[in-house]
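[1] Turn this into a model:
(chains A and B)
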Amino acid sequence: MATNDSTTNVKRLQVRRYKPEENPETHYLNQEKGLWAWLTTVDHKKIGLMYLGSIAFFFFIGGVLALLLRTELLTPARSFMDADVYNQVFTLHGAIMIFFFLIPAGPAVLGNFILPLQLGAKDVAFPRLNLASFYIYVIGALFTLFAIVTGGVDTGWTFYTPYSATTGGNVMAMTLGIFILGFSSILTGLNFIVTIHKMRAPGITWNKLPLNMWGLYATSIIQILATPVLAITLLLLTMERALGIGIFDPALGGDPVLYQHFFWFYSHPAVYIMIVPGFGIISEVISTFSRKIIFGYWAIALSSLAIAFIGFLVWGHHMFTAGQSSLANMVFSFLTFLVGIPTGIKIFNWLATMYRGSIDMKTPMVYAMVFLFLFTIGGFTGIMLGALSVDIHLHDTYYVVAHFHYVMMGGMVMAFLAGLHYWWPKMFGKMYSEFWAKVSLALLFVGFNMTFLPQFVMGSQGMPRRYFNYIDQFQSFHQFSTIGAYIMGVAFLLMAGYMLHSLLRGKPASSNPWGSRALEWQTASPPDLHNFHHTPVVINGPYDYHKPMSEFQLGIATSHNGHHAGEAVDVSKTEKEQA
Amino acid sequence: MSQTSSTEEKLDHLKHYFVDSDQQFEASKMGMWVFLVTEILFFGGLFVAYIVYRSWYPELYLLASEELDTFWGAVNTAVLIGSSLTVAMAIRSAQLNQIKGLIINLWITIGLACTFMVIKYFEYSEKFAKGILPGSAYSYDGVEHEKANIFFSIYYMMTGLHGIHVLIGIGLMIWLVFKAKKKVFHSGYYTPVEITGLYWHLVDVIWIFLFPLLYLID
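    You can find the predicted model right below:
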């Protein structure tokens, strides 16, 4: 397969073009049959789909909880639930959406499915570990469900001490559940880092790595560096409740602000675990639908790493009002502003990619544009919250809630949906209805802004977050917000409808319906269980739309796909060598 | 494992999604290194708690540390360093295809790890008898400091988590012995031995930090 040149160490590969098979009869969805084959599969694509099913379930639960909260807030006084129930519902909404939906949505669902395909690998480096991480996620989820049915949790998703060390309910089961969940996240990150380093197909050098891979790489670094700190924090909190070790509980001589430092050292980087995979998805989608090489490849790639790095240094901005020294406040405020720079670099590069491209307004592209719009609002309001004097006024108000939802829902959920619509044909080999997808997207956009724009206004006028009651002057804002939430609910139901229809009755998708140059589109839809029948060879960058498609479908010409290094070499000599 | 392909190379261990043994070995080793990074951050949280409380109450640490037995701590340090040597010798044996040596070295390592745990058990029970219990059960009044319980909470969390890692290491090495007896390992494939060795060195290194920080400060 390869010869060593006598003088240099250059490997020589004989390549040929492999046109992807259209609508194959056997693919990864039907090569192994039965429930047991699904539950024990080590295939990264199926594991990705199992994660997709799980997070869809949790997104539904979290969404219903959100609608309950919004319904309760229709009137200033009690509408239909008690204050205690209200506290439990907002805690669960936050904890479920963050730990069970947002964190796995990027890496574990879309990352798992796409990463080996984009690298031209047959699987991730540790497929059994990948399956284990799924079951660890399931066990963590069961712990959390157990916590819900045995008394609930009313601490908010941040579990601040001393309240979390003393309140009733089953905080221990909840924190243990999230502790376990953390290992799922760590193992996924570990798997991705090793896969990206060691399993790239011939020709995929670091400067030909798709930007989605750079996004996942940066995310994985955060996952392996930050999540263990959350694990030890929650373990200490669990021990605080179980044994009263006194490290965080002031009644025993401990320090509750220390808990906040520990918690945010993880949880601030964690918001980048949620959003950075979204940046990768947006880069893919914008380049594909602009039919144009991405603008500023290295700027986008390195800004992901810069965000991962700076993200570790800003946790103190959650504690501006918690009695931190004013010097620490100033430093953290300054560092917080710095995060805006790599994020801004990305936004401008995406806009420059679209500039003079031949933009095709398919659903994923519209999602990407919605992302740009909403995420920019979320980002700028984040800068305002990072400013010390403004934060004193806005801290713990609906302004923070609105900012967070603009970044997480307007940012990550839109990016996730862009990616889901973009890769849906690859996942299932079916197309969805463009018309209904756009209707749902329009409803989502209107509903989202109706829900959260009024919250900026309310927050700046002093409406505190997490309150069960409010004064009458905020009622019209709250009602507007609630109506927006209902519209979003309708949009998501519509989405579930057309996606289900696509699965059952959808038109078959071609191997590359968007005309993308990226490697995952150069195999059948849905792909074979082993992704490629050949070993792909890459000679161009993933966004080189000015080069012909044939140059993106190359693979090693021999049948053994690069296995069995001992076999005879079958590279034909060049004319020069023969002469 | 950098030397490849003699003609009768055994390839039973090679997973289908890797191109060759080298790639598989490199991937596994890198995976272990990344895992060790997460372990360091996991313990890092406890080290930060240690540092924060020590900077607030330096005199507490000096007083409470006198309760710890430096002699047995030192013995345990020697035991663990010795076990790191034997686990390295086990890897060497595997590289040289000496399966008997591999098994013997693994048994010695397991023995030393158990010695460590036994000594730790006696240390713990001596403290429990005095009333130095973790958390709110603390009832010892030999340390004249109101936050003495917090020092011992940190002590128990650090050494306890470390002890759990030692137990996991013992389990892993027993599993390796069974594998070695089944003739799974040879000079062309000893990845599990290598990466368990890496893990064991980390467990050792963490103790090398714990010992002076907890025992030697008085």
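
[2] Is the lowest-mean-pLDDT helix or strand in chain B in proximity to chain A?
    Sorted by mean pLDDT, DSSP states H and E, the helices and strands of chain B end with helix B:58-65, the least confident at a mean of 90. No - using Cβ under 8 Å from any Cβ of the partner chain, helix B:58-65 never reaches chain A; the gap is at least 10.2 Å. The C-beta positions use only the backbone N, C-alpha and C, and glycine is treated the same way.

[3] Which of the residues in that helix are classified as buried?
    When burial is assessed from 16 or more other Cβ atoms under 10 Å in any protein chain shown, helix B:58-65 yields the following buried residues: B:Leu60, B:Tyr61, B:Leu63, B:Ala64, B:Ser65.

[4] For the fourth one, which non-adjacent residue is spatially closest?
    Leaving aside its sequence neighbours, B:Ala64 sits nearest to B:Phe151 (Cβ to Cβ, 6 or more residues apart in numbering or on different chains; 4.1 Å).

[5] Now do the SS call for that neighbour.
    At B:Phe151 the chain is in helix, as set by DSSP: H, G, I helix; E, B strand; the rest coil.

[6] That one - how many residues pack around it?
    A total of 25 residues lie near B:Phe151 under the criterion other Cβ atoms under 10 Å in any protein chain shown.

[7] For it, give me its contacts.
    B:Tyr53, B:Leu60, B:Tyr61, B:Ala64, B:Ser65, B:Val143, B:His145 (Cβ atoms under 8 Å, 6 or more residues apart in numbering or on different chains).

[8] Assign a three-state SS to the last one, would you?
    If I follow you right, that is B:His145. Quick answer, by three-state DSSP: B:His145 is coil.

[9] Could you list the low-pLDDT ranges of the chain?
    Going with chain A. Scanning chain A for pLDDT under 70 picks out the ranges A:1-11, A:559-579.

[10] please go with chain B instead
    B:1-9.

[11] the helices in it, which residues?
    B:21-56, B:58-65, B:70-95, B:99-130, B:148-181, B:191-215 (DSSP state H).

[12] In JSON lines: those helices, plus distance to A:Thr75.
    JSON lines is the format used below for the helices of chain B (distance: least, Cβ to Cβ, whole Å):
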{"stretch": "helix B:21-56", "distance to A:Thr75": "44"}
{"stretch": "helix B:58-65", "distance to A:Thr75": "53"}
{"stretch": "helix B:70-95", "distance to A:Thr75": "64"}
{"stretch": "helix B:99-130", "distance to A:Thr75": "57"}
{"stretch": "helix B:148-181", "distance to A:Thr75": "47"}
{"stretch": "helix B:191-215", "distance to A:Thr75": "56"}
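
[13] and the two most separated of the buried residues of helix B:58-65?
    Using Cβ to Cβ, the two most remote members of those are B:Leu60 and B:Ser65, lying 9.2 Å apart.

[14] Give me the neighbour count for the closest residue to B:Leu46 other than its chain neighbours.
    Closest residue to B:Leu46 apart from its sequence neighbours, by Cβ to Cβ, 6+ apart: B:Met158 at 5.1 Å. Using other Cβ under 10 Å, B:Met158 has 21 other residues around it.

[15] so who does B:Met158 touch?
    B:Phe43, B:Leu46, B:Tyr50, B:Leu210, B:Leu214.

[16] For chain A, state which of those residues is nearest.
    Taking Cβ to the nearest Cβ as the measure, B:Leu46 is the one of those closest to chain A, at 6.2 Å.

[17] which residues touch that closest one?
    Residues in contact with B:Leu46 (Cβ under 8 Å, 6+ apart) are A:Ile232, B:Ile154, B:Met157, B:Met158, B:Leu161.

[18] how far away is it from A:Leu230?
    With distances taken as Cβ to Cβ, to the nearest Å, B:Leu46 is found 14 Å from A:Leu230.

[19] Stretch A:14-25: end-to-end distance?
    Using Cα to Cα, to the nearest Å, one end of stretch A:14-25 lies 29 Å from the other.

[20] Close to chain B: what parts of the stretch 201-350 of chain A are there?
    By the rule Cβ under 8 Å from any Cβ, the part of the stretch 201-350 of chain A lying against chain B is A:224-229, A:231-233, A:236, A:239, A:242-247, A:252-255, A:258, A:262.

[21] doesn't A:Thr158 fall inside a strand?
    No - going by three-state DSSP, the assignment for A:Thr158 is coil, not a strand.

[22] Buried ones in stretch A:530-546, by neighbour count?
    Under the neighbour-count criterion of 16+ other Cβ under 10 Å, stretch A:530-546 has A:530-538, A:540-543, A:545 buried.

[23] restrict those to those near chain B?
    Within the buried residues of stretch A:530-546, those near chain B by Cβ under 8 Å from any Cβ are A:His530, A:Thr535.

[24] Out of the buried residues of stretch A:530-546, name the ones that lie in strands.
    Using DSSP state E, no member of the buried residues of stretch A:530-546 sits in strands.

[25] hang on, isn't A:Leu529 packed against A:Tyr28?
    Yes - when contacts are counted by Cβ atoms under 8 Å, A:Leu529 is listed as touching A:Tyr28 (4.5 Å).

[26] Which residues are in contact with the nearest residue to A:Leu388 once chain neighbours are set aside?
    Closest residue to A:Leu388 apart from its sequence neighbours, by Cβ to Cβ, 6+ apart: A:Ser333 at 5.0 Å. Applying Cβ under 8 Å, 6+ apart, we find A:Ser333 in contact with A:His317, A:Phe320, A:Gly386, A:Ala387, A:Leu388.

[27] right, and the helix or strand after the one helix or strand A:Ser333 maps to?
    Assigned by DSSP states H and E, A:Ser333 belongs to helix A:326-354. Where DSSP H and E defines the elements, the next helix or strand beyond helix A:326-354 is helix A:363-386.

[28] Give me the buried positions along that following helix.
    Neighbour counts over helix A:363-386 (16+ other Cβ under 10 Å) mark A:363-372, A:374-379, A:381-383, A:385-386 as buried.

[29] Nearest the geometric middle of chain A, what residue?
    By Cα atoms, centre = their mean, chain A has its centre lying nearest to A:Gly106, at 2.2 Å.
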